[in-house]
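1. Whatever this is, show me its structure:
(chains A and B)
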Amino acid sequence: MATQNFPINVAASVIADISAGIYRTPAGALKELISNAFDADAESVRISTGDPHFRTFTCTDDGSGMTPDRFKEIMGLIGGSSKRDADQYSGIHRRPLIGRIGIGLLSIGQICRRFEVFSSARGSTKKFRARVNLEPYTRPEARRVQLGKQLAKDPTVKVGEFEIEEAPESKGKHYTRIVMEDIIPGFTEQLQSEPMAVIGVTPLTFKKGDMSAFLASVSNDQVARHGAYAQLIWELAITAPIRYLSEGPIKECAQLRDLRQRMEAFKFSVYLDGVELFKPILLPHSKSTTHKVYPHLDYEKSLADGRKLSVRGYIYWQKTRILPRELQGVLVRVRNVGVGTCDPTYLGYPRHEGWKFSQMFGELYVDDGLDEAINIDRASFRETDEGYLALQEFLFQRLGKETDEGAGIFSSIKAATSEIAHRRKMKDTAGRRERTAAVIYGRARPVTLTEAEPHEAAPSGVKVTANEVRVDGELLRDVPAKYRDLYIGICAVLDKRLSASVSATRRRELLSKLAELFAAQ
Amino acid sequence: MADFQGVEKRRQRARSTYKDLKKHYVRIAGWLPVFSHYKTGSHHVRYLTLCAKLAIDIRYFRSKGLLFFDKQQKSYPYVTFIERDSQDYAFIAESLGRTRLPLKGDLEAILLSPADYPKEFKDLSSTFPYDIINLDFTGEVVRPADPPYNTTIRAIEKIVELQREASSRRWHMFLTFRVRRETANGGADDELRRIIESNLLNEQARAAYGARPTPTELQTSEYKEFLRIGIAKFLAGVATTRDFTFSLDASYYYERTSPDGEPYYILTLIAGFTALRSSSQLQDPRRAVAAYARCVPSIFMSNAIDVVARLRSAGESERVTTDLRPVLDEVEELGVIQ
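-> Sure, this is the predicted structure:
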């Protein structure tokens, strides 16, 4: 029987669906523009949000720019070409390319429906302005239009459009500038933290100045409590391939110098509303915080499908809870860009480790082998991908079983905490002994050891106050002078310790017997 | 929608003037003293500006300590800027950082068509009052094809109205525009001429007008002076009908040449507005009329300062260059796309 082939078509509205809703947060959409700039060898990206009303967004990078033809190519077949067809690295700075499926520009669709792109390509003497309108993609008729047919002769249905004009530009200038207006109301509302206002929560204030000040002001609890704008700063800063804060990620940890150098070598800066972003990771919180770094979570593995998984990472643990809470977990960076935010489950670690998760942070730089596992929103993974499974297995192994340093990280942490607990116990015991001795020998504070008249003493014959121990003179009568203070001290301790279980009369008898023993010396 | 090449030509023209010493002379001699006047103690100058791409004015007054810049939060919490060109808006917003209100759009359209720009109008009107409003137009106040009562004129009226509604007690407007006889709007000029002529019926005003040629002759022989008096008179009228007294504190002019080689003048008026009454007082039309009558002769008696002549005086040009240098350095160091 002859087989028949049937084409598989996609409705144009898929573009609307992709552009309108694949990113979970405002930062997710902007992150794509930053990644595009990174791939275009830009050294700086400047984003303005129009804070406080968020009516206009702009994003400008000094990357290689685009020619009008290249732009037409990208917009004419969204997702149809890969930047990595020619090379895995950018042309000038040799950065590992982030973009893979060519839909980065569509991320703008989540921010607004109409936008302008201005660009001049490196070496070109021309610039262009493109006005893009994604509005028609959202119309119901787009559901009936087959992708790729938008230029068909049927003039009654349109699924999106753009117009391009050119003008002269100085030869040395190369850039891409995107201006987004008519911001989607939901986007603006979210950035104005309106969902918080609805339930009567006022976002906490925070410093919008440099990243150190920002980090300090959100580090008491949770970035989210400071509102959506703080979250935008956080998400962009933690995920973008930018430098760490000075001394970051872990203070005085020479073994992570290579990661710092890796970021510095990219020479890539992102500015949000005039402020340069840095990775907001600076641990431990204070010098006195007990902590431990597992600096070599390095791994390479050839996968069955020919890919090679390559990981460079570290895990950090500190005795106290890591704050802000958004920093608790492991952040997977694929080609240097954070995928989602910190995962507090450690890729779904199967054992319950309780409070330890809130004391740990880690980064896993995956340079190869995980691209295919990233979902289209670039915020999560396809968890059945072979690369992802291999990474998961590696992490579980390191956390739960063996590490280069010996036991698994959790065992090591447990040992460290046991040791700390033991040290603390020893310290406490020593302290108690010291305090007891101090009471006995009167070193803690001036304690007067005195003989009391029978009517002043307690029924047991001993009365202990904050700064005085009084012992019935009758008990002291036969005790030699050289043992007198020691006897009074022992009386104080015994009386205190036994008071709950032994009656006063019995205690007096015991102390009397003790006095006889001293007298016999 | 303006074609891209046209937009680029206009931007090119604007860019070529950013190092202009004549313009900076006006900043130093005209604008700076007004800023100093408002910057007192803990009061920060509330500033609305059409600052253009490089925002030289904002940077300059910040560098002089007259415009508050929150170093910790990296923001200008008392500055509102409005820019209609997408590229220039992006440059300003990205390079300045956060401001009280960054507004992309056409000031005139936003003010005069609130129904079309409800959010923008709400955002803008809620920021009033301002201490200083700097309307630095790159073109004419009334363009040749406009009706005499055009959008710019109506936008100025609306600004004065918003200041009044926001209970401003005292404020200044810097109004800068292009003057070129050849591109004048005949209808608007006739209106202005008629206003001046009607004022001259008043003896005191006539005396103040002095030996100037008649308004009709002035319109032909000294167009910039005609427009200076006419626009100032118009502002005085707008002020009076909105419960303000008006004072023309200073005016400056200098010549420029367009890329096509055509000469034109730039005229700057520094206008002060003071509330005639507090919001708790009843309106007194006689006071308004009297205030208007007082300010007309002072407008006629005023003289514009010839910036070029001032810059020719010994050492003046060097002084202005030195004063502008730090701001130009700052702009050049930005390293962002210009």
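2. B:Phe300 - nearest residue in space that isn't next to it in sequence?
-> B:Ala208 (3.8 Å; CB to CB, 6 or more residues apart in numbering or on different chains). (Each C-beta comes from the backbone N, C-alpha and C, glycine too.)
3. In the helix or strand containing the one you found, which residues are buried?
-> Under DSSP states H and E, the secondary-structure element containing B:Ala208 is helix B:203-209. Using 16 or more other CB atoms under 10 Å in any protein chain shown as the test for burial, helix B:203-209 gives B:Ala205, B:Ala208, B:Tyr209.
4. got the contact list for the second one?
-> Applying CB atoms under 8 Å, 6 or more residues apart in numbering or on different chains, one finds that B:Ala208 lies in contact with B:Val296, B:Pro297, B:Ser298, B:Ile299, B:Phe300, B:Met301.
5. separation between the residue nearest to B:Phe300 and chain A?
-> Look at B:Ala208 and chain A: by CB to the nearest CB, to the nearest Å, they are 46 Å apart.
6. quick one: B:Asp136 and B:Leu50 touch, right?
-> Yes: using CB atoms under 8 Å, B:Asp136 and B:Leu50 qualify as a contacting pair, with a distance of 5.2 Å.
7. Point out the residues in chain B that sit beside chain A.
-> B:3-5, B:7-8, B:70-75, B:86-87, B:89-91, B:93-98, B:101-104, B:119-120, B:123, B:335-338 (CB under 8 Å from any CB of the partner chain).
8. switch the cut-off to 6 Å
-> B:4-5, B:8, B:72-74, B:86-87, B:90, B:93-94, B:97-98, B:102, B:104, B:123, B:336-337 (CB under 6 Å from any CB of the partner chain).
9. Show me which of those are buried.
-> Buried among those (16+ other CB under 10 Å): B:4, B:8, B:73-74, B:86-87, B:90, B:93-94, B:97-98, B:102, B:104, B:123, B:336-337.
10. What is the nearest of the residues you listed to chain A?
-> B:Gly97 (2.1 Å; CB to the nearest CB).
11. State the pLDDT value of that closest one.
-> In this model, B:Gly97 is scored at 92, pLDDT.
12. The residue lying closest to A:Lys401 once chain neighbours are set aside - how many residues pack around it?
-> Closest residue in space to A:Lys401, ignoring its immediate chain neighbours: A:Gly408 at 4.7 Å, by CB to CB, 6+ apart. The number of residues packed near A:Gly408 is 18, by other CB atoms under 10 Å in any protein chain shown.
13. now swap in B:Gln281 and tell me
-> Applying other CB under 10 Å, I find that B:Gln281 has 11 neighbouring residues.
14. What strand or helix carries it?
-> With DSSP H and E as criterion, B:Gln281 is part of no helix or strand.
15. tell me which element B:Arg154 falls in.
-> Judged by DSSP H and E, B:Arg154 forms part of helix B:151-165.
16. which stretch of helix or strand covers residue 320?
-> You didn't pick a chain, so chain A it is. Counting by DSSP H and E, A:Thr320 is part of no helix or strand.
17. that's the wrong chain, I wanted chain B
-> Going by DSSP H and E, B:Val320 is in helix B:316-333.
18. Strands of the stretch 201-338 of chain B, residue ranges please.
-> Assigned by DSSP state E, counting those that start in this stretch, the strands in the stretch 201-338 of chain B fall at B:244-257, B:263-275, B:305-306.
19. In TSV, list those along with mean pLDDT and mean neighbour count.
-> Below are those laid out as TSV (pLDDT from 0 to 100; neighbours: other CB atoms under 10 Å in any protein chain shown):
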stretch	mean pLDDT	mean neighbour count
strand B:244-257	94	20
strand B:263-275	95	20
strand B:305-306	97	15
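20. Just say helix, strand or coil for the nearest residue to A:Ala416 once chain neighbours are set aside.
-> In space, A:Ala416 comes closest to A:Lys292 once its chain neighbours are excluded; the distance is 5.8 Å by CB to CB, 6+ apart. At A:Lys292, secondary structure determined by DSSP: H, G, I helix; E, B strand; the rest coil is strand.
21. Isn't A:Lys292 up against A:Trp317?
-> Yes: judged on CB atoms under 6 Å, A:Lys292 makes contact with A:Trp317 at a distance of 5.0 Å.
22. more neighbours, these two?
-> Using other CB under 10 Å as the criterion, A:Lys292 and A:Trp317 rank with A:Trp317 on top: 23 against 17.
23. So the more buried one lies in a helix, does it not?
-> No: the assignment for A:Trp317, made by three-state DSSP, is strand rather than a helix.
24. Please name the bridge partners of it.
-> Counting by DSSP bridges, A:Trp317 forms beta bridges with A:Lys292, A:Met360.
25. Let me see the contact set for it.
-> Neighbouring residues of A:Trp317 by CB atoms under 6 Å, 6 or more residues apart in numbering or on different chains: A:Lys292, A:Gln359, A:Met360, A:Ile413.
26. TSV please, covering the residues you listed and showing distance to B:Pro147 and pLDDT.
-> Formatted as TSV, the contacts of A:Trp317 follow (distance: CB to CB, whole Å; pLDDT from 0 to 100):
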residue	distance to B:Pro147	pLDDT
A:Lys292	77	93
A:Gln359	72	95
A:Met360	71	96
A:Ile413	78	89
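27. what's the longest helix in chain A?
-> Counting by DSSP state H, the longest helix found in chain A is helix A:409-441.
28. ok, the closest residue to A:Asp87 other than its chain neighbours to A:Val270 distance?
-> Nearest-residue entry for A:Asp87: A:Leu97, 7.5 Å, with adjacent residues in sequence omitted and distances by CB to CB, 6+ apart. Counting by CB to CB, to the nearest Å, the gap from A:Leu97 to A:Val270 is 17 Å.
29. of those two, who's got more company?
-> Between A:Leu97 and A:Val270, counted using other CB under 10 Å, A:Val270 has the larger neighbour count: 27 against 19.
30. just checking, that one is part of a strand?
-> Yes: counting by three-state DSSP, A:Val270 is found in a strand.
31. ok, back up a step: now do the next helix or strand after the longest helix of chain A against helix A:409-441, angle only.
-> Next helix or strand after helix A:409-441 toward the C-terminus (DSSP H and E): strand A:448-452. Between strand A:448-452 and helix A:409-441, the angle comes out at 50 degrees (axes from the mean of the first three to the mean of the last three CA atoms, to 10 degrees).
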